[in-house]
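Chemist: Predicted model follows, preceded by the sequence.
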Amino acid sequence: MMMMMHNGSRNLWKKMCLKPRILYLYSTNSLSTTLLNNSLRILGPDLPEIWIPNPSSPSRPPITHRSPFIFNHQEQTAAVIDGKMMADEIRSEIANEVSRMKNEIGKVPGLAVVLVGERKDSQIYVRKKIAACEEVGIMSLMTELPEDCTENEVLDAVSSYNVDPAVHGILVQLPLPQHMNEEKILNDVSLEKDVDGFHPVNMGNLAMTGRDPLFIPCTPKGCIELLLRSNVEIMGKKVVVIGRSNIAGLPTSLLLQRHHATVSVVHAFTKNPEKITREADIVISAAGVANLVRGHWLKPGAIVIDVGTNPVEDPDSESGYTLTGDVCYEEAIKVASAITPVPGGVGPMTIAMLLSNTLDSAKRAYRFT
Ligand SMILES: Nc1nc(=O)c2c([nH]1)NC[C@@H]1CN(c3ccc(C(=O)N[C@@H](CCC(=O)O)C(=O)O)cc3)C=[N+]21
């Protein structure tokens, strides 16, 4: 899934991709105004038949699909969709709801995380999730197990969280070590606590018309929120999803269909993926391949959501790598009308959606509205 680029090819990318001028979209809304906002406007489990764009954001101009004629290919034309700022705003809305819950019924939502093994990236993501819980007042619990633990130890951790009334969300960090049966473990997570939305019943309900899953997977939900909060219309648009993983590409394609998009899925065996992608009004890339999507893959004026968080070797950076998206950003900003950066795009929204799902779950458990 993840690809390290060799030094030679990275330098080539540096040469080809000049540093962009950054033009931020969604930078006008201050956190203080949203702190006053009591009710959450996050796409919930009740999916609207027809989505009415968020009326709370009059200051944001709608992104229109621009005419190709106004494009100057030497310059940046894309607005940058600031996922970090949107996620900050959502987290402050969640914090308000958590404190309202605490004041009114004396309860807070609880999230339990199960982390198996010592993968660096998983440790970083889990740490970010726990810190985000702390920030908004969600109680968090964590079970860390060694790489060589047994499947039963993982199942025991899940079972104990299943019956713990203070836990409303259970997240088993993926990928699990090779020797474990991921299917069996995910099947064991209580449906009512499956805040990742990875249980086959939740995923199946997401796929079926007229069924409402209890939870929508966090990354797809974050992508849709990014589009909706940027006033991008989804209904009737041609959307290409690159990648079909269980945690990102597949559920994203399902959720987009529920929003009445015309969806094509491009994957490793697709013939001429550039040509298919170039037809899309909206491109969502979740392939896990650094810089896969080049400028010429995009229709001028397309909207680009980059789900990839690929570690690319970088001896200059403290950690030894830098995070790179699936999209060659420096090329794409000259062609697209709006794009999410990596980092600072989908990643922070994924975490915000996890908190939102956990809050929804606790509200459901306590019948708190
Ligand atoms: N059960 C499970 N649920 C998941 O939701 C899940 C998972 N397993 N396994 C791995 C993927 C990946 N994922 C990310 C979450 C946040 C960032 C994130 O916050 N990224 C920051 C930067 C992070 C950094 O600085 O290293 C950003 O893009 O700005 C990235 C990736 C959740 N996943």
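Modeler: The structure has been received and is ready for your questions. Note that the coordinates shown come from a computational prediction; the quantities given were computed from them, not determined experimentally.

Chemist: Might you list the low-confidence residue ranges for the stretch 1-150 of the chain?
Modeler: Applying pLDDT under 70 to the stretch 1-150 of the chain flags residues 1-74.

Chemist: Point out the residues in it that sit beside the ligand.
Modeler: 124-125, 128 (Cβ under 6 Å from any ligand atom). Any C-beta I mention is one placed from the backbone N, CA and C, and that applies to glycine too.

Chemist: Let's see which of the residues you listed end up in strands.
Modeler: Among these, DSSP state E puts none in strands.

Chemist: Tell me where this protein has strands.
Modeler: Under DSSP E, the chain gives strands at 24-25, 79-81, 110-116, 139-145, 169-172, 238-242, 262-266, 282-285, 303-306, 310-313, 321-324, 338-339.

Chemist: Neighbours of the residue in the chain positioned nearest to the ligand, how many?
Modeler: Closest residue of the chain to the ligand, Cβ to the nearest ligand atom: G347 (2.3 Å). Neighbour count of G347, defined by other Cβ atoms under 10 Å: 25.

Chemist: Could you do K238 as well?
Modeler: K238 has 16 nearby residues by other Cβ under 10 Å.

Chemist: One more: G137?
Modeler: 18.

Chemist: That one touches R100, doesn't it?
Modeler: No - in terms of Cβ atoms under 8 Å, G137 does not count as a neighbour of R100; the distance is 10.4 Å.

Chemist: Check the gap between the residue lying closest to G83 once chain neighbours are set aside and S160 for me.
Modeler: Spatially, and ignoring its direct neighbours in sequence, G83 is nearest to G345 (4.0 Å; Cβ to Cβ, 6 or more residues apart in numbering). According to Cβ to Cβ, to the nearest Å, G345 and S160 sit 35 Å apart.

Chemist: sorry, back to before: list the residues that contact the residue nearest to G83.
Modeler: Residues in contact with G345 (Cβ atoms under 8 Å, 6 or more residues apart in numbering) are 81, 83-84, 226, 305-306, 325.

Chemist: One more: T252?
Modeler: 219-220, 223, 241, 284, 286, 307.

Chemist: Now neighbour count, distance to R364 and pLDDT too, for the residues you listed, in a markdown table please.
Modeler: Output for the contacts of T252, formatted as a markdown table (neighbours: other Cβ atoms under 10 Å; distance: Cβ to Cβ, whole Å; pLDDT from 0 to 100):
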| residue | neighbour count | distance to R364 | pLDDT |
| --- | --- | --- | --- |
| T219 | 26 | 22 | 98 |
| P220 | 28 | 20 | 98 |
| C223 | 29 | 24 | 98 |
| V241 | 32 | 29 | 98 |
| I284 | 31 | 28 | 99 |
| A286 | 25 | 28 | 98 |
| V307 | 31 | 28 | 98 |
